[in-house]
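Student: Okay, predicted coordinates and the sequence, questions at the end:
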Amino acid sequence: MSDNRRNQDSNTKLEIANKIASQRQKVAKTAESIEDSFLRTFRWFSSWIDKVFFNPRYGKIVSLVLALAIYLTVNFNSENSLFSSALQSSKTLNNFTITALYNEETFEVSGLPAYADITISGDAQNVTSAANHGGNVIVNLEGLTEGVHNVKLTTQGFNDNVDIKIEPSNAVITLKKKTTRQFDLSYDFINLDKMENIYSVGTPEFEYTKINVRASKDTLDTIAFVKALIDVTGQSSEFTNDAILVAYDKSGQPVKADIIPNTVKVTVPVTSPNKTVAIIAEATGEVMEGMAIDSITLDQQTVTIYAPESVLSKIDQVVVNIDMSTITKDSTVLRPITLPTGVNSVNINQVTMDVKLGEAITKTVDGVTINYKNNVNNYRFGADDNITTVSVDVTGTKSNIDNIKADDINVFFDMAEAVPGPQEFQLNVEKPSNSFVKYTLKQTTYKGVVVGDTVDNIQNEGAQNE
């Protein structure tokens, strides 16, 4: 039993040894095959390299490839830096206010620009943050004495992780010591257009009428006047408020200076002066041929006008114009009231006019006295043939011209430029108070002799003084 067992074990070991030997042979053949394939591939690649690198036809391509390879190898770090710089950013902020640090009570500064431009550079996120949160551009003048100085502009309050460039970076400034001078106070009303035009403002009363102004001597010399700007917005009765004070030069431009105090209490009377005056219809343009105005009737005879007293005292009537060249038959029309200069408002703005036409006729009025005006040198005048009257044609409807007499018509000549000796004057006829009729002179000139001897009254010498 033991011998058989030994024989079996020997056979088993022999089989195993044979399998191992067979496996080794396979591995060796595989390794030999791989090695042979590698050598063939290497020889092929080597042959291809020789053909490409040493073939004149591919020489330029090979040179380019080698140059690129060398460039990328040498500049590898630079390329990385270029890539990283794409994350950098910059931003420019224009018209940044410049703040000067100095003793404003003692000195006046000139030559410092009001604004500067700043450029913020750095990491994009930091640049955006700095631009959004902002800061200040300052110039520190503390410790400087009177005179001219070249100063540097700096920033304050920006992110420390960004670079900031200021343009301009420097400024040449002048420091001057301030002095005080007293000025009389005048005034202007502002926002008059925001006050109802039926109201008028009177003369204001000030708490004080002299003002102290503090600035350099050069600046004080440019000040022509100091005004209180009185705001009348919405005022309809007497009011009191604080008016802002502003200094001006002779051309009316504001001057920067310290006004002490910078406001003044003022009381202003507000009134609504008005006057009721007549409305007069005035015809313009030519009436159609053969016709004349018979009457113009208004639906309103008077109007209340609002204006300062100085204006009201000079106005007795207002005029409504109607262009008769547009009227061809009896008509009812609406026309605006023409406001005299200085009138702020009226209680009615337009009137209705009832226009009647009639047949035009003409009559001659004889014996109209010739008058003179503007005899500034008090000359005597003698008319040729002692003629002292003239005839005038009067045209209109029968009802309007029937009652016109010689005494109703004013004919005159002007002696303002008269000189001694024979002279011919142009005759004029005054426009009739009734604009529905028309005057035409039969004679348009007047001849006579001007005598240089002055007299107090020359009405018996051929003409009458108006």
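Tutor: All right, it came through fine. Note that this is a predicted model, so its numbers are computed, not measured. Numbering: from 1, shown residues only.
Student: So what does M353 look like in phi/psi?
Tutor: Backbone dihedrals for M353, given as degrees, to the nearest 10, come out at phi -120, psi 130.
Student: where along the stretch 301-450 of the chain do the helices fall?
Tutor: 309-312, 398-401 (DSSP state H, counting those that start in this stretch).
Student: any idea which of these is most buried?
Tutor: Counting by mean count of other CB atoms under 10 Å, helix 398-401 has the highest mean neighbour count of these, with a mean of 17. For the C-beta atoms, the positions are set from N, CA and C on the backbone; glycine is no exception.
Student: now it, how far from the centre of its chain.
Tutor: 57 Å (CA atoms, centre = their mean, to the nearest Å).
Student: Contacts for it next, please.
Tutor: A292, I293, D294, G358, E359, I361, K363, V394, T395, N434, F436, V437 (CB atoms under 8 Å, 6 or more residues apart in numbering).
Student: Now with 6 Å, please.
Tutor: Contact with helix 398-401 is made by I361, K363, V394, F436, V437, as judged by CB atoms under 6 Å, 6 or more residues apart in numbering.
Student: again with stretch 402-415
Tutor: By CB under 6 Å, 6+ apart, stretch 402-415 touches 365, 367-368, 370-375, 390, 392, 394, 425, 427-430, 446, 466.
Student: Do me a favour and average the pLDDT over it.
Tutor: Average pLDDT, stretch 402-415: 94.
Student: how about JSON lines for the contacts of helix 398-401, with neighbour count and pLDDT added?
Tutor: Listed next are the contacts of helix 398-401 as JSON lines, based on neighbours: other CB atoms under 10 Å; pLDDT from 0 to 100:
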{"residue": "I361", "neighbour count": "15", "pLDDT": "96"}
{"residue": "K363", "neighbour count": "13", "pLDDT": "96"}
{"residue": "V394", "neighbour count": "20", "pLDDT": "96"}
{"residue": "F436", "neighbour count": "21", "pLDDT": "89"}
{"residue": "V437", "neighbour count": "20", "pLDDT": "92"}
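Student: quick one on the thing from earlier: could you dump the helices of the stretch 301-450 of the chain into JSON lines and include distance to L101?
Tutor: Listed next are the helices of the stretch 301-450 of the chain as JSON lines, based on distance: least, CB to CB, whole Å:
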{"stretch": "helix 309-312", "distance to L101": "53"}
{"stretch": "helix 398-401", "distance to L101": "85"}
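Student: For E417, find the nearest of those helices.
Tutor: Closest of the helices of the stretch 301-450 of the chain to E417 is helix 309-312, at 32.9 Å (criterion: CB to CB).
Student: Show residues contacting the closest one.
Tutor: Taking CB under 6 Å, 6+ apart as the rule, helix 309-312 contacts P273, K275, G342.
Student: Which of those are buried? Put it as a ChimeraX command.
Tutor: The ChimeraX command for the buried members of these (criterion: 16 or more other CB atoms under 10 Å) is given here:
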select :273,275
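Student: and which of the contacts of helix 309-312 is nearest A114?
Tutor: G342 (42.3 Å).
Student: Verify the stated contact: the closest one with A307.
Tutor: Yes: here G342 reaches A307: they are 5.3 Å apart, a contact under CB atoms under 6 Å.
Student: that older thread, go through the contacts of helix 309-312 and name the one nearest V172.
Tutor: G342 (52.7 Å).
Student: Tell me how far the closest one lies from Y199.
Tutor: Look at G342 and Y199: by CB to CB, to the nearest Å, they are 15 Å apart.
Student: where does the stretch 51-200 of the chain have low pLDDT?
Tutor: When residues are selected by pLDDT under 70, those of the stretch 51-200 of the chain lie in 51-63, 65-67, 69, 71-86.
Student: Tell me where it has helices.
Tutor: Using DSSP H, counting those that start in this stretch, helices in the stretch 51-200 of the chain cover 59-74, 76-85, 124-133.
Student: Give me the number of neighbouring residues for D384.
Tutor: Per other CB atoms under 10 Å, the neighbour tally for D384 reads 12.
Student: and it, what does it touch?
Tutor: With CB under 6 Å, 6+ apart, D384 has these contacts: K447, G448.
Student: now it: how far from S391?
Tutor: Distance, D384 to S391, by CB to CB: 17 Å.
Student: Same check on E430?
Tutor: 16 Å.
Student: same check, this time on I370
Tutor: For I370, the distance to S391 - CB to CB - is 11 Å.
Student: In terms of neighbours, single out the busier of those two.
Tutor: Taking neighbours as other CB under 10 Å, I370 and S391 compare with I370 leading, 21 against 15.
Student: residue boundaries of the strands in the stretch 351-466 of the chain?
Tutor: 361-373, 380-383, 389-396, 411-414, 421-426, 428-429, 438-441, 445-451, 464-465 (DSSP state E, counting those that start in this stretch).
Student: May I see those strands organised as TSV, with distance to E207 added?
Tutor: Formatted as TSV, the strands of the stretch 351-466 of the chain follow (distance: least, CB to CB, whole Å):
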stretch	distance to E207
strand 361-373	53
strand 380-383	63
strand 389-396	64
strand 411-414	55
strand 421-426	61
strand 428-429	58
strand 438-441	61
strand 445-451	63
strand 464-465	56
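Student: Which of the ones you listed has the lowest mean pLDDT?
Tutor: strand 464-465 (a mean of 62).
Student: For the nearest residue to Y208 once chain neighbours are set aside, name its beta-bridge partners.
Tutor: Excluding its sequence neighbours, the residue lying closest to Y208 (CB to CB, 6 or more residues apart in numbering) is V264, at 6.6 Å. Beta-bridge pairing for V264 (DSSP bridges): A243.
Student: Ends of stretch 324-336, what's the gap?
Tutor: 15 Å (CA to CA, to the nearest Å).
Student: cool, and stretch 127-145?
Tutor: Taking CA to CA, stretch 127-145 runs 37 Å from one end to the other.
Student: Please state the offset of it from the chain centre?
Tutor: For stretch 127-145, the distance to the chain centre is 32 Å (CA atoms, centre = their mean).
Student: Would you mark the buried spots in that stretch?
Tutor: Quick answer for stretch 127-145 (16+ other CB under 10 Å): V127, T128, S129, A130, A131, G135, V137, V139, L141.
Student: Farthest-apart pair in the residues you listed, please.
Tutor: So, the buried residues of stretch 127-145 by CB to CB: farthest apart are T128 and L141, at 32.4 Å.
Student: I would like the residues contacting stretch 161-175, please.
Tutor: 107, 109-112, 116-122, 126-127, 130, 144, 146, 148-153, 155, 158.
Student: Check the gap between F183 and P422 for me.
Tutor: Distance from F183 to P422, by CB to CB: 63 Å.
Student: again with A416
Tutor: Applying CB to CB to A416 and P422 gives a distance of 18 Å.
Student: do E359 as well
Tutor: Taking CB to CB as the measure, E359 falls 45 Å from P422.
Student: for N126, same thing?
Tutor: Where P422 is concerned, N126 sits at a distance of 101 Å (CB to CB).
Student: which of the two has more neighbours?
Tutor: N126 (19 against 10).
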